[in-house]
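# Mind looking at a prediction? Sequence and model below.
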Amino acid sequence: MADAASRPRVWVLLGEGAGGNAQMIALAEALGWAYETRQLAWNRLNHLPNPLIGARAFTLDRRRSDRLTPPWPDLVIAASRRSAPIARWIKRQSGGQTRLVHLLHTQMSLHAFDLVVTQAQFRVPAAPNVLRTTLPLNRISTARRAEAGRRWAARLAGLPRPWIAVLVGGNSSSYRLDARTAAELGEAANRQAAGLAGSLLITTSRRTPAASTDALMARIDVPHHLYRWRAEDADNPYAGYLALADRFIVTGDSASLPAEACATGRPVQLFEWAPRKRPRRLPALASRIHDRLVYAGWIKPRRDFAAFHATLRAQGLVDREPSARPADDLAVVVEAVQALMTGQDSRTANLSTRQPSDARS
């Protein structure tokens, strides 16, 4: 292990998305290097296309953002569209010395980044610096789950087992969880719990409409515990559910919910419904042009959750018993970042074709 003086100086650019932030922190923690966070906020100019913004920082709301000043980091970990120009600006300030690791998608030229870590639903074109993982990198640590499990075990003890956790997402750019769909979810969960003579542990999320929660709960007549999501609530049982549930039902609008449920190794069932719009399948020539425009950041493709779900099923992570253990995507990404920082760039040469299943073999 290198001494502290030789370890990279790492910045994590935090945005407004909890999921993206959690993935960046998970990666920074797994790397094992000291890191600093920089909270970013944006002004209205952030709505400009990233290719027009380029490697500039005029989209930052500097009054609400942490200061970005030298010494510049050796490594920047960022995520999603709005942070991409800022990460490139930092690299420019460093004279090109800073390495950029970007999560999810960039919506600007992929070649401007040293490593892009993404999943199937984002439809990022294949490239030598693109690494696709099966699941998002965010994880709730074993220690945190265990502590939450100890706190919640006594509170849930009166419910008959098996305990089926129902992890409910909600509205997004890709899905709308209306009352009718929520009622169907409630019926399915209730039927499963009744068949097993068990109980439901139901939690909503920030994105769950209140009317949809009401519609779901109107179909529940088995023993249950319900948590209606509240911001910054120290009594949120989510981690406890992950620790204690015997099986899970998760809504398909989220990538994080399946990832955290699959990480437990217990059975996970996906609840799917039709997205707002499905990605269009283009003829071959149009598809190549489309991919080039996506590569350059001029087009943001619709997220393809069907591809994500198909990957989960192909790897036996959902809708199968016993469930397969997910590949250690985080370890693969850590290896790639370490190779990048030690100058072993040849190790990233085939990242676009390297899948988590390859890493297991």
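Received it, and whenever you're ready, just let me know what you need. Numbering: from 1, shown residues only.
# Give me the most central residue, this structure.
P136 (4.0 Å; Cα atoms, centre = their mean).
# just the strands in this protein please.
Listed in chain order, the strands found in the chain under DSSP state E are 10-14, 35-39, 75-79, 99-103, 115-118, 130-132, 163-167, 199-203, 224-227, 247-251, 268-271.
# List the contacts of the fifth one.
Same thing as strand 115-118. Contact with strand 115-118 is made by 27, 99-106, 110, 124, 127, 129-133, 137, 333, 336-337, 340, 348, 351, as judged by Cβ atoms under 8 Å, 6 or more residues apart in numbering. In this view, the C-beta of every residue, glycine as well, is placed from N, C-alpha and C.
# circling back: model confidence for the residue nearest to the centre of the chain, exactly?
Predicted confidence (pLDDT) for P136: 92.
# where's it relative to A274, distance?
Distance from P136 to A274, counting by Cβ to Cβ, to the nearest Å: 23 Å.
# re earlier: mind checking which of the strands of the chain is nearest R88?
Counting by Cβ to Cβ, R88 lies closest to strand 99-103 out of the strands of the chain; the figure is 7.0 Å.
# and the angle from that closest one to strand 10-14?
Angle, strand 99-103 to strand 10-14, by axes from the mean of the first three to the mean of the last three Cα atoms, to 10 degrees: 30 degrees.
# Run the chain-centre distance for strand 99-103.
Centroid displacement of strand 99-103 relative to its chain, using Cα atoms, centre = their mean, to the nearest Å, is 15 Å.
# tell me the mean pLDDT for that strand?
98.
# C-alpha coordinates for that strand, CSV please?
Presented in CSV, the C-alpha positions along strand 99-103 are these (Å, rounded to 0.1, in the frame of the first residue of the first chain):
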residue,chain,number,x,y,z
ARG,A,99,-8.2,12.0,-14.2
LEU,A,100,-12.0,12.0,-14.6
VAL,A,101,-14.2,9.0,-13.6
HIS,A,102,-17.8,9.7,-14.4
LEU,A,103,-20.8,7.6,-13.4
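# That strand packs against which elements?
For strand 99-103, the packing partners by 3 or more Cβ pairs under 8 Å, 6 or more residues apart in numbering; DSSP states H and E come out as helix 18-31, strand 75-79, helix 80-93, strand 115-118, helix 329-341.
# Contacts for it next, please.
20, 23-24, 27, 74-80, 83-84, 87-88, 91, 112-118, 137, 337, 340-341.
# Which of the contacts of strand 115-118 are buried, as a ChimeraX select command?
The ChimeraX selection below is limited to those of the contacts of strand 115-118 classed as buried (16 or more other Cβ atoms under 10 Å):
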select :27,99,100,101,102,103,104,105,106,110,124,129,130,131,132,133,137,333,336,337,340,348,351
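# now A84: how far from S199?
For A84, the distance to S199 - Cβ to Cβ - is 45 Å.
# before we move on, what about D214?
20 Å.
# what about the two, which has more around it?
Legend: neighbour count by other Cβ atoms under 10 Å for D214 and S199, higher for S199 (22 against 14).
# ok, and the closest non-adjacent residue to the more buried one?
Distance criterion Cβ to Cβ, 6 or more residues apart in numbering; nearest residue to S199, sequence neighbours excluded, is L159 at 3.8 Å.
# show me where pLDDT drops low in the stretch 251-361 of the chain?
Counting by pLDDT under 70, the stretch 251-361 of the chain contains low-confidence ranges at 344-361.
# Which parts of it are helices?
256-262, 284-296, 305-314, 329-341, 356-360 (DSSP state H, counting those that start in this stretch).
# before we move on, what about the stretch 101-250 of the chain?
Here the stretch 101-250 of the chain has its helices, by DSSP H, counting those that start in this stretch, at 142-156, 179-196, 210-217, 238-244.
# Quick check: which of those helices is nearest to F305?
Set against F305 and scored by Cβ to Cβ, the helices of the stretch 101-250 of the chain come closest in helix 179-196, at 14.4 Å.
# What lies in contact with that closest one?
Helix 179-196 has contacts (Cβ under 8 Å, 6+ apart) with 162, 164, 166, 168, 199-200, 202, 209, 211-224, 249, 251, 269, 271, 273.
# Is there a quick PyMOL command that grabs whichever of these are buried?
Buried members of the contacts of helix 179-196 can be picked out in PyMOL with the line below, counting by 16+ other Cβ under 10 Å:
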select buried, resi 162+164+166+168+199+200+202+209+212+213+215+216+217+219+220+222+224+249+251+269+271+273
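# Next, format the helices of the stretch 101-250 of the chain as TSV and append mean pLDDT and distance to A307.
TSV is the format used below for the helices of the stretch 101-250 of the chain (pLDDT from 0 to 100; distance: least, Cβ to Cβ, whole Å):
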stretch	mean pLDDT	distance to A307
helix 142-156	94	29
helix 179-196	98	21
helix 210-217	98	25
helix 238-244	97	25
